[in-house]
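Peer 1: how would this look folded up:
(3 chains)
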Amino acid sequence: MTTHDDVVEERRNFLYLATGAAGAVAVGGAAWPLIDQMNPSKDVLALSSIEVDLTKIPEGTSAVFLWRKNPVFVRHRTEAEIARARADDNAPDLVDPEADEDRVQRPEWLVMSGVCTHFGCIPLDQQGDFGGWFCPCHGSHYDISGRIRRGPAPANLPVMEYTFLNDTTIKIG
Amino acid sequence: MMRNIKIKGLLAAAIAFTTMTNGSQAATEEGLKTPERNEYSSTGVFGKFDHASIQRGLQVYIEVCSACHSLDLVAFRTLEDVGYSEDEVKAIAIEYEYTELDEDGEETFRTGIPADYFPAPFANDNQAKASNNGALPPDFSTIVKAREHLSFLPWNSVYGEDYIVALMTGYEDEVPADAPEGFVLSPGTYYNHYFSGNAIAMAPPLFDDMVSYADGTPATVHQMAYDVANFLAWASDPTMQERKELGLRVMLFMIVFVILLYFTNKRVWAKVKKGEDIDPSKL
Amino acid sequence: MASRKFEPTNPTVKWVEDRLPILGLIYSSVGGGYDTPRNLNYWWNFGSLAGFMLVVQIVTGIVLVMHYVPDINLAFDSVQHIRRDVNYGWLMQSIHANGASMFFIVVYIHILRGFYFGSYKSPREILWFLGIIIYLLMMATGFMGYVLPWGQMSFWGATVITNFFSAFDFIPFIGDGLVEWLWGGFAVDQPTLNRFFSLHYLLPFVLVGVVILHIWALHIPGSTNPLGIDANGPYDKVPFHPYYTAKDAFGLGVFVIFFAAFVFYIPDFLGHPDNYIKADRLKTPAHIVPEWYYLPFYAILRAIPDKLLGIVAMFASILILFAMPWLDGSRIRSMRFRPLSQIFFWIFVINGLFLGYLGSISPDDILWFGFEAIVYAQISTLYYFAYFLVVMPVVSRMETTLPVPTSIAASVLEANKKG
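Peer 2: Reported below is the predicted structural model:
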């Protein structure tokens, strides 16, 4: 049996629910711009590629460049270093196994991020137990291919996106 | 009584409205004409940028205006918003050269990239003045907004686009008959109906067929002025379209929401409004 | 309906409430525990709208500060950067800039509501004083905020307003250096921008504090009402929630539509085009005007040809509000029952709008009958002060008032009977 009061009550509940739902949408809609404004703005996103002149990096040395406000390591590797990197491809202590071949376009040029995958410090060049990089913040050791071998970092130093414009110039980004 | 207040309130508002409208009118300077209203696709609630006209306007800016006027706040990348492809933007940017200091402190030159901003034609304001007979060509980044005088009555408003079109087409070779009494044109200035004081330091910048439009539009002075006005309106307010589109959605939502709130409020008050809860014997 | 206490049944809520009775505080401030006269009309919405606007300004302001740079060489460009590049930056900037105007519209209506319905009268004098302090803080905050974009109007507005204080140069020891102290230099410059930025960020939080005091003072006697009689009868009040939360929410929705029309469709209508030009300290704009909400006071300032007296009159025109509880000697609060006062009140409102108009034009513009605007400004200023100093004390004590209902509930029944 339906009384008049029940009908009124039901309509009332529906009305209140609809109003409350619309209110929630309004609050959510107003909150989104407040959150999104903290994301990188258009001018920041537009900061694009950099070009690196490889002739200025002698064999057996590294250079550091800034891309999107972060350091990029470019290492001109010697034959011995390449051989060492390749020899370690199947080393048991690789936390994040990866073949050296997959980390380079040309074996003498290693182009990778200079940000430690642990908490973002910059690893020191040619230090540590594996003749590669060593992060002084929490003691992560990377080998000459930039692979993590010991310490708290969970992953290898990421290889950058880059292209060879010619034999002596690469474009990062 | 409630109605009484409302009527008086409306009356006061109406009086305020009529008095204010007088005040917001453009200055009634002698000899100064009010720009005519042109049609733009960007006006109104559903206004959209006219990409073809803006692109033609960019051409006029690059080929003519940019010799003297900077556009400091506009980056090439933003041209993608007015219909250019990424490659077209790169092609526009690469035409410009930027000076940088390399790591050895040597000056090097590089070509522009989409992230760059339009380079200024002069190193600083003083150089700009020295090259322009002592007058500083204003930066164009916000020029349309800076020349916009809005009134309570839309037909009394002067829009920046209209001002630019009027200024470009408002030159006279000689001081005309309707100039202010005793008007003498000082050396290095030109008579213009729409420039405050009627004497402008900028020589007439546009001539018919000065540029040749890729789309075949005849490049009359008025057409070029109109196109550059559209381009600068976009440069001054590039988020106009996004703003109006979001506005429409917000408005539609709010109208529904307010209707719901109205009935909710009515529902809540239903009994109390009529005093049904009051026991007259206990008053 | 008697006041109810917050009695949670949920054990967790009860556990919290026993330790920190914050929900009870909310309940008794804006919830079901706060009893409010049942006959408040829509003019009473503007208090909560003002509170809403304060929140909007603080929230959008905090967001803008995440992108704004208070440097005289970068401030203008950083505002443009917000409008062009920051995600929804144009929206935040438009809301904040128009929000200032909306805040003032709401507060002006709120103040005039207080005038009409005698909200300043005993026992609400302190509530009224706190309101005036809020208004003064708003004026200061709004002015300093307008300087931050560092456009032409920002710079020259700051120059003119700070120069007001050079009128006090006759004061021994401090008078001479007062303006330079405000500037931190010999003109409006980087130090000025930095201190205005600092204070523009600080003052809204001071405002929040004073608003809390304002609401506290309100809750002692409770809201007045259109009839102006005390709500003491058993049926005179209804709980704030759900009755006034629903009513305020509806009013808020309508107001947001009005607000959004400005934000989305005419974002620059209330601004000034010259503020789209970077500040140039060698070039004063031809026609310099303050933001619309200061215009009536600007007209009063210019109506008086003496520098010091002009400043004094301008400050006096606001400070005089503090005396209202005593200038008005009527035993009846609401102007509904004071027909003569009503007439003078509406003349006062129109006069205020007219002063605003006069503030927007040049004082030597020729208006009706060949008189300069300054003449009209002087007449209007005269009425402005006469309203407080002559009309209010005399009319409130002399006029024949209309019969006042015995109780709110009775008047509700009466109105209902009439249909």
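
Peer 1: Find the nearest non-adjacent residue to the residue of the stretch 1-150 of chain B at minimum distance from chain A, please.
Peer 2: Residue of the stretch 1-150 of chain B nearest chain A, by Cβ to the nearest Cβ: B:Ala115 (4.3 Å). C-betas here are computed from N, CA, C, even on glycine. Computed as Cβ to Cβ, 6 or more residues apart in numbering or on different chains, the closest residue to B:Ala115 that is not its neighbour in sequence is A:Ala46, at 4.3 Å.

Peer 1: ok, now B:Pro137?
Peer 2: Leaving out its chain neighbours, B:Pro137 is closest to B:Cys68 (Cβ to Cβ, 6+ apart), at 4.2 Å.

Peer 1: Next, count neighbours for the residue nearest to B:Ala115.
Peer 2: 17 (other Cβ atoms under 10 Å in any protein chain shown).

Peer 1: Which residues are in contact with the residue of the stretch 1-150 of chain B closest to chain A?
Peer 2: A:43, A:46-48, B:75-77 (Cβ atoms under 8 Å, 6 or more residues apart in numbering or on different chains).

Peer 1: same thing but at 10 Å, please
Peer 2: A:42-49, B:75-77, B:93 (Cβ atoms under 10 Å, 6 or more residues apart in numbering or on different chains).

Peer 1: three-state assignment of it?
Peer 2: Secondary structure assignment for B:Ala115 (DSSP: H, G, I helix; E, B strand; the rest coil): coil.

Peer 1: isn't A:Phe130 right next to A:Pro123, touching?
Peer 2: No - counting by Cβ atoms under 10 Å, A:Phe130 sits too far from A:Pro123 to count as a contact (11.4 Å).

Peer 1: Next, show the common contact partners of those two.
Peer 2: A:141-142, A:148.

Peer 1: For chain B, state which of these is nearest.
Peer 2: A:Tyr142 (26.3 Å).

Peer 1: who does the helix or strand of chain A with the lowest mean pLDDT touch, helix- and strand-wise?
Peer 2: Every helix and strand in chain A was compared by mean pLDDT, DSSP states H and E; the lowest is helix A:4-36, with a mean of 82. The helices and strands touching helix A:4-36, judged by 3 or more Cβ pairs under 10 Å, 6 or more residues apart in numbering or on different chains; DSSP states H and E, are helix B:240-273, helix C:46-65, helix C:89-116, helix C:240-265.

Peer 1: Settle it for me: which of A:Phe130 and A:Pro123 has more neighbours?
Peer 2: A:Pro123 (27 against 21).

Peer 1: How about the contacts made by the more buried one?
Peer 2: A:71, A:73, A:114-117, A:132-137, A:140-142, A:146, A:148, A:151, A:153, A:157 are the contacts of A:Pro123 under Cβ under 10 Å, 6+ apart.

Peer 1: Now with 7 Å, please.
Peer 2: By Cβ atoms under 7 Å, 6 or more residues apart in numbering or on different chains, A:Pro123 lies in contact with A:114, A:116, A:133-135, A:140, A:142.

Peer 1: cool, and A:Arg147?
Peer 2: A:94, A:96, A:98, A:156.

Peer 1: Return the members of these classed as buried.
Peer 2: Taking 16 or more other Cβ atoms under 10 Å in any protein chain shown as the criterion, what is buried in the contacts of A:Arg147 is A:94, A:98, A:156.

Peer 1: Tabulate these (CSV), appending distance to A:Arg106 and pLDDT.
Peer 2: Shown next, in CSV, are these (distance: Cβ to Cβ, whole Å; pLDDT from 0 to 100):
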residue, distance to A:Arg106, pLDDT
A:Leu94, 22, 90
A:Glu98, 17, 91
A:Asn156, 19, 94
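
Peer 1: in the chain, which spans are strands?
Peer 2: In the absence of a named chain, this looks at chain A. A:50-53, A:62-67, A:70-76, A:109-113, A:124-127, A:131-135, A:140-143, A:148-150, A:162-166, A:169-172 (DSSP state E).

Peer 1: that's the other chain; I wanted chain C
Peer 2: C:35-37, C:237-239.

Peer 1: Likewise for the stretch 51-200 of chain B?
Peer 2: B:97-101, B:107-111, B:171-172, B:190-192, B:199-200 (DSSP state E, counting those that start in this stretch).

Peer 1: ranking the ones you listed by burial, who's on top?
Peer 2: Counting by mean count of other Cβ atoms under 10 Å in any protein chain shown, strand B:190-192 has the highest mean neighbour count of the strands of the stretch 51-200 of chain B, with a mean of 19.

Peer 1: List the pairing partners of that one within its sheet, with orientation.
Peer 2: strand B:171-172 (antiparallel), strand B:199-200 (antiparallel) (DSSP bridges).

Peer 1: any chance of these in JSON lines, with mean pLDDT too?
Peer 2: Below are the strands paired with strand B:190-192 laid out as JSON lines (pLDDT from 0 to 100):
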{"stretch": "strand B:171-172", "mean pLDDT": "90"}
{"stretch": "strand B:199-200", "mean pLDDT": "89"}
